[in-house]
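Visitor: Kindly generate the corresponding structure for this input.
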Amino acid sequence: MTDINKEKKLKRGEILALREAFGREGVEKHSLLIVKKLLDMPEYLSSKVVLSYSPINFEVDVSKFNITAVKEGRSCAYPVALKDGKLVFAIPKDENAWQEGSFGIKTPVLERSLTIPPSQIDFAVIPCVGFDPETGVRLGMGGGYYDRIIPEMKSAFKVCPAFEFAKVNNIPACEYDMPADAVVTEKTIYRFK
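Guide: Alright, predicted model coming up:
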């Protein structure tokens with residue numbers, strides 16, 4: 001393991017412990033503030049196809065964002081992790097097109113969903129553990145799933161919802177670490193584009 005990866009693992013562990021200590025009530029309360037900001041962003045308001053995720057553990061809960069996007073007539077795609085380490089994006093056709101996928105994450109069943117290319121995404125909500133407030137570099141879970149596919153989302157505005165305490169100055173970055181265009185916390189929006 002390289003020094004950069006060791007440092008990232010250490011930072012990731014610290015933030016995950018803070019998230020867990022935050023508790024369900026803190027996650028719910030602050031997630032609602034973050035979702036409101038996401039729904040008010042001009043990039044979201046002009047979008048037609050959004051990418052989001054199904055939250056697990058103590059991630060920012062974007063469930064209300066997902067519900068609102070669909071109610072407003074947007075197509076809402078979700079990531080599905082394949083065995084080869086790649087992500088595909090799928091829009092479930094109905095409420096029965098879901099299953100428990102990799103890492104216990106609720107994901108669309110590919111056979112009952114519309115798979116779309118990354119180039120069709122207008123507004124991408126990408127989970128993160130932590131973020132650098134100066135550069136927009138995100139600290140993920142360490143699998144590199146999003147970093148590999150972000151370059152293919154050429155027309156997407158890429159935003160990470162995060163709790164303010166997940167701010168980490170000088171996150172060590174490799175050439176494959178893809179920064180976000182914005183990070184939305186319960187307090188503010190950090191813009192990098």
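
Visitor: from here on, contacts and neighbour counts on C-alpha atoms
Guide: OK.

Visitor: burial count for residue 144?
Guide: Using other C-alpha atoms under 10 Å, residue 144 is surrounded by 15 other residues.

Visitor: How about the backbone phi and psi for residue 173?
Guide: phi -120, psi 140 (degrees, to the nearest 10).

Visitor: looking only at pLDDT, what's the mean for the longest helix along the chain?
Guide: Ranked by residue count and defined by DSSP state H, the top helix of the chain is helix 3-40. Mean pLDDT, computed over helix 3-40, is 88.

Visitor: What is the least confident helix or strand in this protein?
Guide: The least trusted helix or strand in the chain, going by mean pLDDT, DSSP states H and E, turns out to be helix 145-149, with a mean of 82.

Visitor: Would you quantify the distance from the closest residue to residue 149 other than its chain neighbours to residue 59?
Guide: Nearest residue to residue 149, sequence neighbours excluded (C-alpha to C-alpha, 6 or more residues apart in numbering): residue 87, at 7.1 Å. Per C-alpha to C-alpha, to the nearest Å, residue 87 is found 19 Å from residue 59.

Visitor: Of these two, which one has the most company?
Guide: residue 59 (21 against 17).

Visitor: Would you agree the more buried one is in contact with residue 27?
Guide: Yes: with contact defined as C-alpha atoms under 8 Å, residue 59 reaches residue 27; the gap is 7.5 Å.

Visitor: Much appreciated, bye for now.
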